[in-house]
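In: Sequence unavailable; structure follows:
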């Protein structure tokens, strides 16, 4: 059974310059106990997808089409009328922090500077599991232990500015874990941390996932991060999913030129040669005015005329592996990628 | 915390010292002295008076004597009214001004914060615009003009509120309104912009991701942060309401500090000017200190900025 299913999600932002089409019709699902990686560069729509699922888009953002199901329950955001919006908000308030929890990107800005750590940690417990303050405190202390905060008892009454970045990220993780969520969405949880802390935090998320059997969506722009821990990987580009597959398929049999380009940017510590990393030239498409065809066309060295004119169909290589690129079309057999 | 307070008090004392010094020499540099009037035409009398009050000594010596007295909180006798002591006049006039200032301050904060929050949270454009227009008006209309308009409309035309003195609670309505209009406008603008700013912060998103409703997110996570700048402003604002009510006090014939100050300067009443200046200085310094302490109490990060 799938825990989260997204069908043809379209999310737009209205800005002064016009409508930014951040997510342009993507579908995917997350199975139980699965770790799904979503990889893409900034502006590819990966975070927006997750904020759409959580119903936490900024004021100018709107889900204009598509369906979202959490454990078969329809949680598609509705902006059509006031009553529907209200019901949706009620429904999401029960799910957020309880069944779906989110780990955020920047530990420096996501904790409230004027509230004690303990208070912020107890909040989701008190909202969702109607329990006494004492019990909530006990659970909060256990959580702090779990995420590896030394001497939680004395840390409990401290404020965020008394914590280091890594420790704050652990608190953010602890907040997400507070109510044993079935799905954890980690939005670039290691981007703002230095490398040694990154490894610790990833290990922690992995351990929790294994212990509790929750599903995890791991959003990142770093293929190195997902390599070790994801069962399946989606590659997003320009608001679309361009390739998806199991970790082996993505790393050993990449089909999309963008995926191949991304892999060329990852440093391989085993190689002895002094090969330079290969950057992908150019910049991502302008989503105010997205291209009709493949979003990657301007940066792709194999671009063909058709790529400019039509969005490629999906080509299936296995049950799990599919790619949207004209190079994989049966008429393009001669092209070498 | 204690160290912070001690440090702030010491800075306050230093400020007071500078204030008294500057005021003293400024005051001495105004042409004339308390006895330049018809009554003291005879140079012999004038010399005697000057000698009696120590005005014949060099200015610097006068300053030293003066400082010694100030440390003892002794401001001396009034020059313009024999037998009246500055201290007594202060004790009589200060409560009136302080009461008026506190009332206007409390009123301004209540109304201003409420308006600001309503404007920040409201999705309706016209509410937002209305508050902003009011706020702009309040900042730009001078208080004496407003006071006169209030007097004409509510005092003369409709005779709802009395105009002179502070005998009954009703007497307070118009002066408080006139005094608080500016701070209401300023507070509402400040609250609105700070609230809008805070609601865009990441920790608001995190609070929502915990499953908090929008209302409890605003109350539990937004309000405290949004009101920090307002608290910082509130202390000096209330102090300035007390010190800056000269015009209003004169218009409504209120026996407060403002009217005393105006006549003291006119009469070159040195002791009175200095007494009032120091009193007002203490008022402003302690109000600022109190609001900074409240901020330090609410915002845990402040204490560490030594």
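Out: Yep, it's here. These numbers were taken from a predicted model, which means no experiment stands behind them.

In: Could you use CA atoms for every contact and neighbour count after this?
Out: Fine.

In: So whichever helix or strand residue B:93 is part of, near chain A or not?
Out: In this assignment (DSSP states H and E), residue B:93 forms part of helix B:86-121. No. In terms of C-alpha under 8 Å from any C-alpha of the partner chain, no part of helix B:86-121 sits within range of chain A; the closest distance is 12.2 Å.

In: buried ones in that helix?
Out: Buried positions in helix B:86-121, judged by neighbour count with 16 or more other C-alpha atoms under 10 Å in any protein chain shown: B:86-87, B:89-90, B:93-94, B:96-98, B:100-109, B:111-121.

In: Residue A:70 and chain B, how far apart?
Out: With distances taken as C-alpha to the nearest C-alpha, to the nearest Å, residue A:70 is found 16 Å from chain B.

In: Just grab the bridge partners of that residue for me.
Out: According to DSSP bridges, the residues that bridge with residue A:70 are residue A:4, residue A:73.

In: OK, contacts around it?
Out: Listed by C-alpha atoms under 8 Å, 6 or more residues apart in numbering or on different chains, the contact set of residue A:70 reads A:3, A:4, A:5.

In: Also residue A:131?
Out: Applying C-alpha under 8 Å, 6+ apart as the definition, the contact partners of residue A:131 turn out to be residue A:125.

In: helix/strand/coil for it?
Out: In three-state terms, and counting by DSSP: H, G, I helix; E, B strand; the rest coil, residue A:131 is coil.

In: And it, how far from residue A:124?
Out: As for residue A:131, its distance to residue A:124 is 11 Å (criterion: C-alpha to C-alpha, to the nearest Å).

In: Residue A:251 too?
Out: The spacing between residue A:251 and residue A:124, counted by C-alpha to C-alpha, is 38 Å.

In: neighbour-wise, which of the two wins?
Out: A side-by-side neighbour count of residue A:251 and residue A:124, using other C-alpha atoms under 10 Å in any protein chain shown, places residue A:124 first with 26 against 16.

In: mind checking which helix or strand the more buried one is in?
Out: When the helices and strands are read off by DSSP H and E, the one containing residue A:124 is helix A:117-128.

In: and that helix, is it in reach of chain B?
Out: Yes. In terms of C-alpha under 8 Å from any C-alpha, part of helix A:117-128 sits within range of chain B, namely A:123, A:124, A:127, A:128.

In: Residue 270: neighbour count?
Out: In the absence of a named chain, chain A is used. For residue A:270, the tally of surrounding residues (other C-alpha under 10 Å) stands at 6.

In: if you could check chain B rather than the one you did, that'd help
Out: Applying other C-alpha under 10 Å, we find 21 residues neighbouring residue B:270.

In: Quick check: it touching residue B:29?
Out: No. With contacts defined as C-alpha atoms under 8 Å, residue B:270 does not count as touching residue B:29, sitting 11.7 Å away.

In: the bottom helix or strand of chain B by mean pLDDT?
Out: Taking mean pLDDT, DSSP states H and E as the measure, helix B:43-52 is the helix or strand of chain B with the lowest mean score, a mean of 78.

In: what ranges do the strands span in chain A?
Out: For chain A, the strands defined by DSSP state E occupy A:2-15, A:18-31, A:35-39, A:61-70, A:73-74, A:100-103, A:183-187, A:215-220, A:232-237, A:240-246, A:314-316, A:322-324.

In: so residue B:247 touches residue B:145, yeah?
Out: No. Distance between residue B:247 and residue B:145: 10.2 Å, which falls outside the contact criterion (C-alpha under 8 Å).

In: ok, those two, which is more surrounded?
Out: Regarding residue B:247 and residue B:145, a neighbour count based on other C-alpha under 10 Å identifies residue B:247 as having more, with 16 against 12.

In: how about the more buried one, what does it touch?
Out: Listed by C-alpha under 8 Å, 6+ apart, the contact partners of residue B:247 are B:144, B:258.

In: next structured bit after the host helix or strand of it?
Out: Here residue B:247, judged by DSSP H and E, is contained in helix B:246-251. The C-terminal neighbour of helix B:246-251 among helices and strands, as given by DSSP H and E, is helix B:257-266.

In: Would you mind giving the orientation angle of that following helix with respect to helix B:86-121?
Out: 130 degrees (axes from the mean of the first three to the mean of the last three C-alpha atoms, to 10 degrees).

In: And helix B:257-266, how far out from the chain middle?
Out: Here helix B:257-266 shows a centroid-to-chain-centroid distance of 16 Å under the convention C-alpha atoms, centre = their mean, to the nearest Å.

In: just checking, what packs against that helix?
Out: For helix B:257-266, the helices and strands in contact under the criterion 3 or more C-alpha pairs under 8 Å, 6 or more residues apart in numbering or on different chains; DSSP states H and E are helix B:86-121, helix B:246-251, helix B:270-298.

In: where in the stretch 201-306 of chain B is pLDDT low?
Out: Counting by pLDDT under 70, the stretch 201-306 of chain B shows low-confidence ranges at B:303-306.

In: what residues does it put near chain A?
Out: Counting by C-alpha under 8 Å from any C-alpha, the stretch 201-306 of chain B comes close to chain A at B:201-206, B:208-213, B:221, B:224-225, B:298-301.

In: Appreciated, that's everything.
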